[in-house]
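> Make a model of this:
(one chain, ligands or ions: 2)
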Amino acid sequence: MEKRKVDVAVIGAGTAGMSAYRAARKHTDNIVLIEGGAYGTTCASVGCMPSKLLIAAADSAHQLRKAPMFGVHPGDVRIDGKEVMARVRKERDRFVSFVVEAVEGFPEADRLRGQARFLSPHRIVVGEKVEVEAARVVIATGSRPNIPGFFKDAKDRLVVNDDIFEWDDLPGSVAVFGPGIIGLELGQALSRLGVRVRMFGVSGSLGPLQEDAIRSYALKTFNEEFPLDTSAKVRLVERTDDGVRIRFSDADRGELTETFDYLLAATGRRPNVDSLDIQNADIAQDDHGSPLFDHYTLQCGDSHIFIAGDANNEVPLLHEAADEGRIAGDNAARYPDVRAGLRRVPLGIVFTDPQIATVGMTLKEANERCKEGYAVGEVSFEGQGRSRVIGANKGILHVYGERGSGLFLGAEMFGPAAEHIGHLLAWSLQKRMTVSEMLTMPFYHPVIEEGVRTALRDLNRKLDIGPQPIERCLDCGPGG
Ligand SMILES: Cc1cc2nc3c(=O)[nH]c(=O)nc-3n(C[C@H](O)[C@H](O)[C@H](O)COP(=O)(O)OP(=O)(O)OC[C@H]3O[C@@H](n4cnc5c(N)ncnc54)[C@H](O)[C@@H]3O)c2cc1C
Ligand SMILES: NC(=O)c1ccc[n+]([C@@H]2O[C@H](COP(=O)([O-])OP(=O)(O)OC[C@H]3O[C@@H](n4cnc5c(N)ncnc54)[C@H](O)[C@@H]3O)[C@@H](O)[C@H]2O)c1
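Ligands and ions are numbered 1, 2, ... in the order given. Below is the predicted model of the structure:
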């Protein structure tokens, strides 16, 4: 077996791993980046980018169908599944090619191909061909779909997100299991592209939504487009000659059987740490076998091992993977002079329509931290001026603030332009602004952000800081 001795070994050449490699290489050129699969990252090849490409096609179809409300009649909307999927794959491949170009731009001697596993805390075997002795290690092995056992009965008709983006054409029907972030984004997009979709969930959860009022509103809205039961009772899943037969109980219609072309498993993701022989790394793990680590340094205990991105199962998002990789790579190179890195405030966006945004603390966390010394401001987008103008007047925004200090704490939203409003709120939170300070910022007219101002005014009043908001105030314009 070939032997290598390096200062830093990074396992996984995804977003976190590439970011860790770049950060560590500022300190040392004796480093390896190990990749067991294809270059290209989850985000570009089967995650963020192809899912948004599919959603873009669905949005386009939806806008055409919506046009008659403005007196505009585009005629019958015809969706060519082959063309839809061809664009998704073509643009996806373009994004992937940029990533591959970047990773192949790293010196060849720094790159190793093959599955890595620990032989001991400092020894890693790669593809059973090379043994690397590493002074420090970054684990950045990502995650993979979690597939409950009984889905196996769907046999070759069981698909995950990776498979969808390889389709040449759109199927006739898909049963989506898991109304989480992936299920909602892909399920709604497929439905808007003319695919018959039914969505099954468990235990009432819906995406990242925590507030009952917002969750029920969102559930009702999604159910106007496709059937979605967040507490489904599924009795049977079986492969038949023409697809996957599913028997389930429907609250209104009792036991039903429906057959679909595919079963999409969107039931969460699992960190790729179980194939690393992590027990040989001598680091503490939680009950699920995930290594324990520090949120600010990404260090596992006080060891020479760091863990970043989806592999650590904390906040499986792209911008977090990039940040964590940078911090972990820098610290691996500096070890034992480990430093706390900048962690940004929590921000999550779901690209459904209406979109979902979550910022900062959840309502439960605000309650725990403030011992009930907090308030919730609200706006409904149903009557909001700009939202009505463009026919996107659905949704609710809740904003949270702390009594006394008047600090803004967080927000949950299901509504129009949540991807942009989420950013404004997250930036205000990271700047530690009070609700009063946020209200001193400019609000143009007529814009959806005026709805944010309405919610912030409502919050400031409930915090006993601001005045009673004026009903139908003129600076909000009609319907502000
Ligand atoms: C459908 C979908 C949509 C998404 N949309 C968004 C979005 O809109 N916005 C957002 O912020 N996030 C989104 N995400 C999440 C985002 O894609 C991930 O958080 C991010 O890509 C994680 O990056 P990573 O570097 O941790 O993992 P990856 O990019 O998966 O990299 C891990 C790498 O490690 C390699 N590897 C694994 N085990 C080994 C081993 N033993 N040896 C060697 N190599 C190994 C893998 O082959 C892989 O290349 C989405 C995810 C999915 C699935
Ligand atoms: N827009 C984005 O930022 C974006 C988009 C997609 C994915 N992601 C990331 O990927 C991660 C994984 O996404 P995900 O949607 O797979 O996970 P998730 O945790 O968001 O959702 C999983 C869903 O599956 C449900 N579920 C679990 N077991 C089930 C079963 N047996 N039957 C039916 N439903 C079941 C859960 O109740 C939950 O609603 C997300 O947490 C997110 O961080 C982000």
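
> which residues does Arg123 contact?
When contacts are counted by CB atoms under 8 Å, 6 or more residues apart in numbering, Arg123 touches 131-134. All C-beta atoms are positioned from the backbone trio N, CA, C, and that covers glycine.

> For the residue in the chain positioned nearest to ligand 1, give me the pLDDT.
Residue nearest to ligand 1 within the chain: Gly14 (1.8 Å; CB to the nearest ligand atom). On the pLDDT scale, Gly14 is placed at 98.

> what's the burial count for it?
Neighbourhood size, Gly14 [other CB atoms under 10 Å]: 32.

> So it sits against Arg144, correct?
No. If you go by CB atoms under 8 Å, Gly14 and Arg144 don't touch, sitting 11.6 Å apart.

> Helix, strand, or coil at the residue nearest to Leu409 when sequence neighbours are not counted?
Leaving aside its sequence neighbours, Leu409 sits nearest to Tyr400 (CB to CB, 6 or more residues apart in numbering; 4.3 Å). Counting by DSSP: H, G, I helix; E, B strand; the rest coil, the backbone at Tyr400 sits in strand.

> distance of Tyr400 from Gly377?
Between Tyr400 and Gly377 the distance is 8 Å, computed by CB to CB, to the nearest Å.

> residues near the residue nearest to Leu409, how many?
The local packing of Tyr400 (other CB under 10 Å) involves 26 other residues.

> pretty sure it contacts Glu378?
No. Between Tyr400 and Glu378 there is no contact under CB under 8 Å: 10.5 Å.

> got any residues that touch both of Tyr400 and Gly377?
Residues touching both Tyr400 and Gly377 by CB under 8 Å, 6+ apart: Leu459.

> Can you name the residues of the stretch 301-450 of the chain sitting close to ligand 1?
309-311, 316-319, 321 (CB under 6 Å from any ligand atom).

> now do 5 Å
309-310, 316-318, 321 (CB under 5 Å from any ligand atom).

> in the chain, which residue is closest to the centre?
By CA atoms, centre = their mean, the mean C-alpha position of the chain lies nearest to Leu317, the distance being 5.3 Å.

> Now do the residue nearest to that residue when sequence neighbours are not counted against ligand 2, distance only.
Once flanking residues are discounted, Leu317 sits nearest to Gly348: 6.9 Å by CB to CB, 6+ apart. Note on Gly348: its distance to ligand 2, by CB to the nearest ligand atom, to the nearest Å, is 6 Å.

> and what of Ala328?
18 Å.

> Which members of the residues of the stretch 301-450 of the chain next to ligand 1 are classed as buried?
For those, a burial check counting by 16 or more other CB atoms under 10 Å picks out 309-310, 316-318, 321.

> In TSV: the residues you listed, plus distance to Leu228 and pLDDT.
Converted to TSV, those look like this (distance: CB to CB, whole Å; pLDDT from 0 to 100):
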residue	distance to Leu228	pLDDT
Gly309	30	98
Asp310	26	98
Pro316	23	97
Leu317	24	98
Leu318	26	98
Ala321	29	98
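
> and those residues, which of them are in helices?
Those of these mapping onto helices are 318, 321, per DSSP state H.

> any chance of the buried ones among the residues of the stretch 301-450 of the chain next to ligand 1 in JSON lines, with distance to Tyr21 too?
Shown next, in JSON lines, are those (distance: CB to CB, whole Å):
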{"residue": "Gly309", "distance to Tyr21": "12"}
{"residue": "Asp310", "distance to Tyr21": "17"}
{"residue": "Pro316", "distance to Tyr21": "20"}
{"residue": "Leu317", "distance to Tyr21": "20"}
{"residue": "Leu318", "distance to Tyr21": "17"}
{"residue": "Ala321", "distance to Tyr21": "13"}
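
> closest to Met433 among the buried ones among the residues of the stretch 301-450 of the chain next to ligand 1?
Leu317 (23.0 Å; CB to CB).

> Could you list the residues in contact with stretch 97-111?
With CB under 8 Å, 6+ apart as the test, stretch 97-111 has contacts from 13, 18, 21, 25, 29, 31-33, 35, 39-41, 44.

> do that again at 6 Å, thanks
Contacts of stretch 97-111 with the rest of the structure, by CB atoms under 6 Å, 6 or more residues apart in numbering, involve 13, 31-33, 39-41, 44.

> Show residues contacting stretch 376-387.
393, 395-400, 415-416, 446-448, 451, 454-455, 458-459, 477-480.

> Which among these count as buried?
393, 395-400, 415-416, 446-448, 451, 454-455, 458-459, 479-480.

> follow-up on the earlier one: near ligand 2, which of the residues of the stretch 301-450 of the chain next to ligand 1 show up?
Pro316.

> just the residues of the stretch 301-450 of the chain next to ligand 1 now: which is nearest ligand 2?
Nearest to ligand 2 among these, counting by CB to the nearest ligand atom, is Pro316 at 3.9 Å.

> Could I get the contacting residues of that closest one?
Asp310.

> can you check Arg192 too?
Taking CB under 6 Å, 6+ apart, we find Arg192 in contact with 58, 61-62.

> now do Thr259
243, 245.

> and with 10 Å instead?
Applying CB atoms under 10 Å, 6 or more residues apart in numbering, we find Thr259 in contact with 173, 175, 238, 240-246.

> likewise Phe177?
Going by CB under 10 Å, 6+ apart, Phe177 touches 147-148, 150-151, 154, 158, 183, 187, 198-202, 232, 234, 237, 246, 263-267.

> ok, for it, nearest residue in space, not its chain neighbours?
Leaving out its chain neighbours, the residue that sits closest to Phe177 by CB to CB, 6+ apart is Phe200, at 5.1 Å.
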